[in-house]
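In: Coordinates for the following, if possible.
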Amino acid sequence: MALAQKGARVCVVGRNGAALAETASAAMEFSEVDQFRMDLTVEENVQALARNLQHEGGRLDVLVHSAGVIHQGSMERGEVADLDLQYATNVRAPYVLTQKLLPLLTSSRGQVVFVNSSAGLSAKNPGIGQYAATKHALRAIADSLREEVNARGVRVLSVYAGRTATPLQKALFERQGLSYKPEILLQPEDVASVVVHALMLPPTAEVTDVSIRPMQKSY
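Out: Residues are numbered from 1 along each chain as shown. This is a model prediction of the structure:
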């Protein structure tokens, strides 16, 4: 996800080439955009990205974590390899990237946004134990980070989004044998709007947690 402001410089990072190009294209209407296609589960990629951002002006105002992967399966049949992949993508990558970029964020009194999931609040549905565990872990990282950096002027927001009309969600519906009707789900623009409004608050206020759901609860 890219958050753009007139005259600002936006860095868009992703592994999916088509999604990366689409996001960058939308941001170009407002800002200069740098695109980086990489897998953030690879340590060397995170190090290279951090070095690039430090070299290119050395300023970072907002860091948004919106990447994620999900594999469903019961405890009985779940693959440990799937758990490892979800942990690497949903937990380790945002942790390491935030850690590397924290000096820049602290210097600018910036903001960090974790686009989490409703599964980060509750794991009552069957077959989502692995995914929900990573999202609960991400919540813990965000909450602890907030306590560490608030005194330095850095704000931390977690957004717990319900089902959103994205390619990931479409694939999930197909695997579940359900009819995909994106028009009844949250739209990416809905989530982005919530994030932007929270980020635009004056520094006297901080939104810590936002839970957002599709208006229609039955799929």
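In: Now do the residue of the chain most remote from its centre, the pLDDT please.
Out: Relative to the mean C-alpha coordinate of the chain, counting by Cα atoms, centre = their mean, the farthest residue is Glu76 (29.1 Å). pLDDT recorded at Glu76 is 93.
In: With Ala18 instead?
Out: pLDDT recorded at Ala18 is 69.
In: show me what contacts Tyr131?
Out: Contacts for Tyr131 (Cβ atoms under 8 Å, 6 or more residues apart in numbering) come out as 70-72, 86, 90, 117, 119. Bear in mind the C-beta positions are built from the backbone N, C-alpha and C, glycine included.
In: Count the residues that sit near the closest residue to Gln169 other than its chain neighbours.
Out: Using Cβ to Cβ, 6 or more residues apart in numbering and skipping residues adjacent in sequence, the residue nearest Gln169 is Arg163, 5.7 Å away. The number of residues packed near Arg163 is 19, by other Cβ atoms under 10 Å.
In: Then Gly14?
Out: What Gly14 shows, counting by other Cβ under 10 Å, is a neighbour count of 22.
In: related to what we said a few turns ago, does the residue farthest from the centre of the chain sit in a helix, a strand or a coil?
Out: Look at Glu76: counting by DSSP: H, G, I helix; E, B strand; the rest coil, its state is coil.
In: ok, it to Ile141 distance?
Out: 29 Å (Cβ to Cβ, to the nearest Å).
In: What distance do you get for the residue nearest to Gln169 to Ile184?
Out: Counting by Cβ to Cβ - Arg163 and Ile184 are separated by 9 Å.
In: and what of Ala81?
Out: 33 Å.
In: Looking at the two, which one has more neighbours?
Out: Neighbours were counted for Ala81 and for Ile184 using other Cβ under 10 Å; Ile184 has more, 14 against 9.
In: Surely the more buried one is in contact with Arg213?
Out: No - with contact defined as Cβ atoms under 8 Å, Ile184 does not reach Arg213; the gap is 11.6 Å.
In: ok so, going back, neighbour-wise, which of the contacts of Tyr131 leads?
Out: Asn90 (26 neighbours).
In: Report how many residues lie close to the residue lying closest to that residue once chain neighbours are set aside.
Out: With sequence-adjacent residues excluded and distances taken as Cβ to Cβ, 6+ apart, Asn90 is closest to Thr134, at 3.9 Å. Using other Cβ under 10 Å, Thr134 is surrounded by 25 other residues.
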